[in-house]
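Student: 3D, please:
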Amino acid sequence: MKYEEWLQLFPNSKIIHHIPQDTKDYVISLEDNTYLQIPYEELSSRELALLEAITKAPVKVATHLPPWQQYLEQGGQCPVQLESVQFIHVCLIQKNEDFNEQEWLEMIQEIFGDVITSFSCFPKHYTIVRKADVETISTQELQAIHATVEEDFAISMKIFIGNVWKMAEEIPGIYQAEKALFVTYLHESNKQTCLAFAPMVLWGFTQKKLDFSPIPETLYAQMVQDEFPDLIEALWQERGTLTKAATRLFIHRNTLQYRIDRFGQLTGLALKNMDDLTLCHFLLMQQEY
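Tutor: Here you go, the predicted structure:
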């Protein structure tokens, strides 16, 4: 968008050439090393969500961002060397002024376990970064305690449990893509409270204007290694029945289980889960046709 178009949407915004220190305003990168500064106090939560979806990665003051947030949103070195990482995306709306943010964050971190850090992407939107060496709580388990958490803290909360990703150069882009999926879902649908990765990606494909690269490309590159395409196809044809899939592949059931486990370690997806299997099958079919 050109500056004139931004100005029509936000009349009190202004063009700047350097990001001011300690600013609390929303700053968007334009062309030719210029930026658009929008007064934060004039932005509603809906406008913030829309800005996040449109710009995908707003420019912020790097010197004051937590290390993980700076790495994920502005580049640079990863703060910690990990084998794999997972992002939990949370949006909440507090219902009264007694909300204790610190206690809530401590509770959230305890629920998900192996949390490295957490930070606020923009008001009331949080990212939990966890070391993904062990499994975290499932969406079904989270759904069971969701209402209790909301009641205890007098909040309305939506949570998107991202995928488990092997550490690579694409991680900041993957983080941005998961966040774009979440923000767009909050704006366009907003029905479910506990969101799993595979259904969210499949939903994302229905949103023609939503760009959530490099998630599909990264998953596809992992899926087409070795015997994995045949494994996915056999499980899909047999509707996830392991014994029948093993027979179709002419292998022992234990060998099939070994391949499923190896696939999960590489991609973060569980082929025994029909949502994950559906996503894998869809990605393979999309490339073929």
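
Student: Surely residue 35 is in contact with residue 27?
Tutor: Yes: between residue 35 and residue 27 there is a contact at 5.2 Å, judged by CB atoms under 8 Å. From N, CA and C alone the C-beta is placed, and that goes for glycine too.

Student: mind pulling up the phi and psi values for the residue of the chain most remote from its centre?
Tutor: Residue farthest from the centre of the chain, counting by CA atoms, centre = their mean, is residue 250 at 37.4 Å. Here is the backbone geometry of residue 250 (degrees, to the nearest 10): phi 60, psi 40.

Student: before we move on, what about residue 43?
Tutor: Residue torsions, per degrees, to the nearest 10, at residue 43 are phi -100, psi 130.

Student: Against residue 90, how distant is it?
Tutor: 20 Å (CB to CB, to the nearest Å).

Student: Pick out whichever of the two has more residues nearby.
Tutor: residue 90 (22 against 18; other CB atoms under 10 Å).

Student: how's the protein carved up into domains?
Tutor: 3-63, 67-208, 219-288 (automatic domain parsing).

Student: what's the least confident stretch among the ones you listed?
Tutor: For these, the bottom mean pLDDT is recorded on domain 3-63, which sits at a mean of 70.

Student: Would you map the helices across the stretch 1-150 of the chain?
Tutor: Using DSSP state H, counting those that start in this stretch, the helices of the stretch 1-150 of the chain run over residues 3-9, 45-55, 67-74, 101-112, 139-153.

Student: Now the third one: buried residues?
Tutor: Just to be clear, that refers to helix 67-74. 68, 69, 70, 71, 72, 73 (16 or more other CB atoms under 10 Å).

Student: So which residues of the stretch 51-200 of the chain form strands?
Tutor: In the stretch 51-200 of the chain, the segments counted as strands under DSSP state E, counting those that start in this stretch are 84-94, 115-122, 125-131, 155-166, 194-195.
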